[in-house]
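Peer 1: quick one, what's the 3D model for this:
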Amino acid sequence: MIARPLQSGCPGPGQPARRSLGGGGAVTAAARRLGPCIALLLTACDSNDKEASAPAPTTPEPATSSTPWPVTRGGASLSGRVPSPVPREPGIAWTFSLGSPGTAEAAAAEGTLVVGDVMGFLYAIDLETRKLRWKYETADSIEAAPAIHNGRVFAGSGDGSFHALDLATGAEIWSISGDDKFSSAPNLMPGPDGALRLVVNGYDGTTRCLDPAEGTVLWTYETNDYINGTPALVDGKLAFGGCDTVLHVIDAASGEALNTIPTESQITDSIATDGTTLFAANYANQVVAAEVDGEDATWIYQGDDFPFFTAPAVDGRNVYIGCRDKALHAIRREDGTKAWTFPTGGRIESSPIAFDDAVVFGSSDGRLYAADPATGEEIWRLDLGEKLTASPIFAFGQILITGGDGTVFAIE
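Peer 2: Residues are numbered from 1 along each chain as shown. Here you go, the predicted structure:
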């Protein structure tokens, strides 16, 4: 088994797209047959009062030592929010060594941490014993987080396959194939009558809605170019950006196109959402905010000479995003102006997570940082000694992140 080099993001500006763009929009997808699914309970969110003219941010339920991280960015809205105080005196509780470097975000639920590596292996680590439960091999790199639900793991590979595995044993339950790699994480959402659906974007430009029980494709939605980010669930719709430069909004039940919002360049990663607002970064070194039903961006934050190559995190105050200028940028969510920047010694390609009182993120300089969300002042740093491009998660009271030498760090 030979792993290809990781291909990050979209083709660079001036490089050919996967398909010729026709009209700058999406091809409306016909809904496939709908089938029965498994029930999914999602945590409800309440809205805060509006701040100025900004849409009201949501308030998640507080995280506790029993709170899991079953899908990428902590929940179906992809906000990257952790409704909990950050650990103030962090230390390494335990480590686990993978077989090769890890760049993917992990998932943690049902007593298990699941994470992939660049050689195409998916690892399940028992969180009680901290020992390997099983290892599953694919034919290429695992570039994104898996999802965990109801005794199953759902994960894609750079070999163009997407799998459902038994969480206890690692045995394959079903798999499907795309026309290119699966470089974005799957998401879980309720369908009609609360039935569970699995939704995943492929680098072949296709969004697939799957029955998680059998892997049956319920509907597809096609774009004009590559997709790197996960679909976010917002206001009963799915939203994501792609290399075709637009934010797509589609009906979560049928996959029908509802809206496309143009941006100035290719969208390189998952978006974040809060309330009805979408936040995305593109190759024009911009962070863009837009309303899910809007026609254009509500504001644009213009960076300098380096692109933003992480997913944003968002709270009631700011949008936080890492940049290849070696700094974390905090942007006021109400108007898109700069709140502060936090410099590090390396590129930031590790997507931040926003605690109640801190923003936590990794840097290619090998350190995990916590910054004050109001001022940008450093709260703490932890030198892990490995390049950090994977995104941290917070599950069961611990921050978990994989390093570039393949070490999984559990920090509490």
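Peer 1: quick check: which ranges of the stretch 1-150 of the chain have low pLDDT?
Peer 2: Low-confidence segments of the stretch 1-150 of the chain (pLDDT under 70): 1-9, 11-61, 63-65.
Peer 1: can you show me the strands along it?
Peer 2: 46-47, 58-59, 81-82, 92-97, 107-109, 112-116, 121-126, 132-137, 147-149 (DSSP state E, counting those that start in this stretch).
Peer 1: out of those strands, which is closest to residue 316?
Peer 2: strand 58-59 (8.0 Å; C-beta to C-beta). Quick note: C-beta positions are derived from backbone N, CA and C, even for glycine.
Peer 1: if we can go back for a sec, nearest to residue 250, of the strands of the stretch 1-150 of the chain?
Peer 2: Nearest to residue 250, of all those, is strand 147-149, at 19.1 Å by C-beta to C-beta.
Peer 1: I would like the residues contacting that closest one, please.
Peer 2: 38, 40, 68, 70-72, 107-110, 112, 114, 153-155, 167, 185-188, 196, 198, 212 (C-beta atoms under 8 Å, 6 or more residues apart in numbering).
Peer 1: the following helix or strand past it vs strand 121-126, what angle?
Peer 2: Next helix or strand after strand 147-149 toward the C-terminus (DSSP states H and E): strand 152-156. For strand 152-156 against strand 121-126, the angle by axes from the mean of the first three to the mean of the last three C-alpha atoms, to 10 degrees is 150 degrees.
Peer 1: show me how far strand 152-156 is from its chain's centre.
Peer 2: Chain-centre distance of strand 152-156: 15 Å, with C-alpha atoms, centre = their mean, to the nearest Å.
Peer 1: could you do stretch 399-412 as well?
Peer 2: 17 Å.
Peer 1: can you get me the start-to-end distance on that stretch?
Peer 2: 6 Å (C-alpha to C-alpha, to the nearest Å).
Peer 1: so what's residue 341 up against?
Peer 2: By C-beta under 8 Å, 6+ apart, the residues touching residue 341 are 327, 328, 329, 330, 376.
Peer 1: the last one in helix, strand or coil?
Peer 2: Reducing the assignment at residue 376 to three states with DSSP: H, G, I helix; E, B strand; the rest coil gives coil.
Peer 1: phi, psi of it?
Peer 2: phi 80, psi 0 (degrees, to the nearest 10).
Peer 1: ok, it to residue 340 distance?
Peer 2: 3 Å (C-beta to C-beta, to the nearest Å).
Peer 1: same question for the third one.
Peer 2: Applying C-beta to C-beta, one obtains 8 Å for the distance of residue 329 from residue 340.
Peer 1: out of the contacts of residue 341, which sit inside strands?
Peer 2: Taking DSSP state E as the definition of strands, those contribute 327, 328, 329, 330.
Peer 1: okay, and the beta partners of the last one?
Peer 2: To tie it back to what came earlier, the one meant is residue 330. Applying DSSP bridges to residue 330 yields these beta-bridge partners: residue 320, residue 340.
Peer 1: isn't it up against residue 315?
Peer 2: No - contact criterion C-beta atoms under 8 Å: residue 330 and residue 315 do not qualify, at 10.0 Å.
Peer 1: ok so, going back, pipe the strands of the stretch 1-150 of the chain into CSV and attach mean neighbour count and distance to residue 235 per row.
Peer 2: Shown next, in CSV, are those (neighbours: other C-beta atoms under 10 Å; distance: least, C-beta to C-beta, whole Å):
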stretch, mean neighbour count, distance to residue 235
strand 46-47, 10, 12
strand 58-59, 18, 11
strand 81-82, 27, 17
strand 92-97, 14, 38
strand 107-109, 25, 25
strand 112-116, 27, 29
strand 121-126, 21, 32
strand 132-137, 16, 35
strand 147-149, 25, 21
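Peer 1: so the nearest residue to residue 392 once chain neighbours are set aside bridges to which residues?
Peer 2: Nearest non-adjacent residue to residue 392, counting by C-beta to C-beta, 6 or more residues apart in numbering: residue 401, 4.2 Å away. Residue 401 forms beta bridges with residue 409, as assigned by DSSP bridges.
Peer 1: give the contact list for residue 401.
Peer 2: Residue 401 sits next to 106, 350, 362, 368, 384, 388, 390-393, 408-409, 411 when contact means C-beta under 8 Å, 6+ apart.
Peer 1: who's more crowded, residue 329 and residue 340?
Peer 2: Between residue 329 and residue 340, counted using other C-beta atoms under 10 Å, the more crowded position is residue 329 (26 against 18).
Peer 1: and the gap between that one and residue 198?
Peer 2: Residue 329 sits 32 Å away from residue 198, going by C-beta to C-beta.
Peer 1: for residue 108, same thing?
Peer 2: For residue 108 relative to residue 198 (C-beta to C-beta), the value is 18 Å.
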